[in-house]
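# Got a predicted structure plus its sequence, pasted below:
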Amino acid sequence: MDLKIRNIRKDYGKFPALNGVTLDIRSGELIALLGPSGSGKTTLLRAIAGLEFPDGGQILFGDKDASRKTVQERNVGFVFQSYALFRHMKVFDNIAFGLRVRERSRRPSEAEIRRRVLELLDLVQLTGLEGRYPAQLSGGQRQRVALARALAIEPQVLLLDEPFGALDAQVRKELRRWLRKIHDETGHTTVFVTHDQDEAMELADRVAVLHKGDLQQVGTPDEVYDQPATPFVYGFIGESTALPVVVRAGRVEFEGQALPVPASEVSDGLARLLVRPQDVELVDAASGVVMGDVVAMRRSGSNRRIDICVGADRSRIEALVSPQHEIAVGDRVGLAFRRHALFPDEVPVAAAARAA
Ligand SMILES: Nc1ncnc2c1ncn2[C@@H]1O[C@H](COP(=O)(O)OP(=O)(O)OP(=O)(O)O)[C@@H](O)[C@H]1O
């Protein structure tokens, strides 16, 4: 089942939670809605589910307009962060619930329900635990029951809202891999919400990045990481620091000095040169693109993080180097950038940083 989201708007009071979002989700795709808190991810997921009616726009399930259809009519499976299992029901009955409450004409026989529940228990690797109550399960197991329950109704679309949010890091990682496997086995169109970029990048076929109700970019994990469409995406996915620059007559200048960086499509005016820490190279002071002073360093996993202040504004650039790299706080270094991105800047970066 493919989904077409057309110019969806949702306002809460004067505030647009979704600002005209258009997104095509392909049949069988696993897509992540990624963004910081308050960016509109849950609102979009709830609009797809039919739990929220948008103020404008259209949602198509296949070629049919589902905008005014109820949750039941849309036949979506929904998994929330907070398990939402029925505590007084055993695992078996939790999974069977969606089938048992169907109107008689669409309800499978008890034998068929049993067959399907046992099959799902096998899929989510919980065979043998069907007689337990939710309180007798671990968080990860409960979440797997929640997924089995959502899958039981054979949904056209599976919607997951931070499904692993409440679990510890190790369990989250395991469930991620497991969810990907289940997705590949069942082939459902799946939309999941997360604010965790690693989760989105590892799990999803494509990532839709939201910011303040706007869809900033949709692409494969490689596309959003390597070709970020906006400064927000560049900053949100992966790490980066920014150098305030000026584009003048097609040249990029930092504090009056021309940098060996093409201005590309960026027109004259204030701009931001964004660099990821792993793309900052420390060279000797004379041969760098810009010069700076090492002001701090700390160990970070298998690397060393170096904070370097450059220019009169003391803009901070971060570099990631090998711990073997001989360097000390107070050293004057040259910086070269292996890769970078240049974006026009409506707000002067230095002024914004000072205001903050
Ligand atoms: N029922 C509501 N009434 C008023 N404002 C709401 C309501 N639901 C959401 N909002 C607002 O809409 C915006 C988007 O909320 P939404 O829950 O979609 O964000 P989110 O990206 O899912 O955030 P989080 O990661 O924190 O869950 C937020 O500013 C939020 O305060």
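Arrived safely, thanks for sending. Numbering: from 1, shown residues only.

# Helices of the stretch 101-250 of the chain, residue ranges please.
With DSSP state H, counting those that start in this stretch, the ranges of helices along the stretch 101-250 of the chain come out as 110-123, 139-152, 169-186, 197-203, 221-226, 231-236.

# Please identify the deepest-packed of those.
Highest mean neighbour count of these: helix 139-152, a mean of 23 (counted as mean count of other C-beta atoms under 10 Å). From N, CA and C alone the C-beta is placed, and that goes for glycine too.

# hmm, back to that, so which of the helices of the stretch 101-250 of the chain comes closest to residue 59?
Taking C-beta to C-beta, helix 139-152 is the member of these nearest to residue 59, at 19.1 Å.

# what's the angle between that closest one and helix 110-123?
With axes from the mean of the first three to the mean of the last three C-alpha atoms, to 10 degrees as the basis, helix 139-152 and helix 110-123 are set at 140 degrees to each other.

# quick one: contacts of helix 139-152?
The contact list for helix 139-152 (C-beta atoms under 8 Å, 6 or more residues apart in numbering) reads 77-80, 83-85, 91, 94-99, 116-117, 120-121, 123-126, 129, 134, 137, 158, 160, 163-164, 166-168, 171, 174-175, 178-179, 182, 186, 188.

# switch to 7 Å and redo it
Residues outside helix 139-152 that contact it (C-beta atoms under 7 Å, 6 or more residues apart in numbering) are 77-79, 83-85, 91, 94-99, 116-117, 120-121, 123-124, 126, 129, 134, 137, 158, 163-164, 166-167, 171, 175, 186.

# Do me a favour and average the pLDDT over that helix.
In this model, helix 139-152 has an average pLDDT of 88.

# Can you report how many residues lie near the residue in the stretch 101-250 of the chain positioned nearest to the ligand?
Closest to the ligand within the stretch 101-250 of the chain is residue 195: 4.8 Å, counting by C-beta to the nearest ligand atom. Using other C-beta atoms under 10 Å, residue 195 has 18 neighbouring residues.

# what do you get for the one 10 residues further on?
Residue neighbour count, defined by other C-beta under 10 Å, stands at 16 for residue 205.

# so it makes contact with residue 27?
No. Assessed by C-beta atoms under 7 Å, residue 205 is found out of contact with residue 27, at 11.5 Å.

# Just the ones of the contacts of helix 139-152 in strands?
Those of those mapping onto strands are 77-79, 158, per DSSP state E.

# residue ranges of the strands in the stretch 251-356 of the chain, please?
All strands of the stretch 251-356 of the chain, identified by DSSP state E, counting those that start in this stretch, fall at 251-254, 257-262, 269-275, 280-283, 290-300, 303-310, 315-321, 332-337, 341-344.

# Just put these in CSV and tack on mean neighbour count and distance to the ligand.
Listed next are the strands of the stretch 251-356 of the chain as CSV, based on neighbours: other C-beta atoms under 10 Å; distance: least, C-beta to the nearest ligand atom, whole Å:
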stretch, mean neighbour count, distance to the ligand
strand 251-254, 18, 34
strand 257-262, 13, 34
strand 269-275, 21, 23
strand 280-283, 18, 31
strand 290-300, 16, 26
strand 303-310, 19, 27
strand 315-321, 20, 26
strand 332-337, 17, 32
strand 341-344, 19, 23
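
# The ligand contacts on this structure?
Contact residues, the chain versus the ligand (C-beta under 6 Å from any ligand atom): 12, 17, 35, 37-43, 195.

# Now pLDDT too, for these, in a markdown table please.
Output for the residues of the chain next to the ligand, formatted as a markdown table (pLDDT from 0 to 100):
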| residue | pLDDT |
| --- | --- |
| 12 | 91 |
| 17 | 94 |
| 35 | 94 |
| 37 | 91 |
| 38 | 91 |
| 39 | 94 |
| 40 | 95 |
| 41 | 95 |
| 42 | 93 |
| 43 | 95 |
| 195 | 89 |
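
# circling back to that earlier point, where among the helices of the stretch 101-250 of the chain is the average confidence lowest?
Lowest mean pLDDT within those: helix 169-186, at a mean of 84.

# In terms of secondary structure, what does it contact?
helix 139-152, helix 197-203 (3 or more C-beta pairs under 7 Å, 6 or more residues apart in numbering; DSSP states H and E).

# 10 Å instead?
strand 30-34, helix 110-123, helix 139-152, strand 157-161, strand 189-194, helix 197-203 (3 or more C-beta pairs under 10 Å, 6 or more residues apart in numbering; DSSP states H and E).
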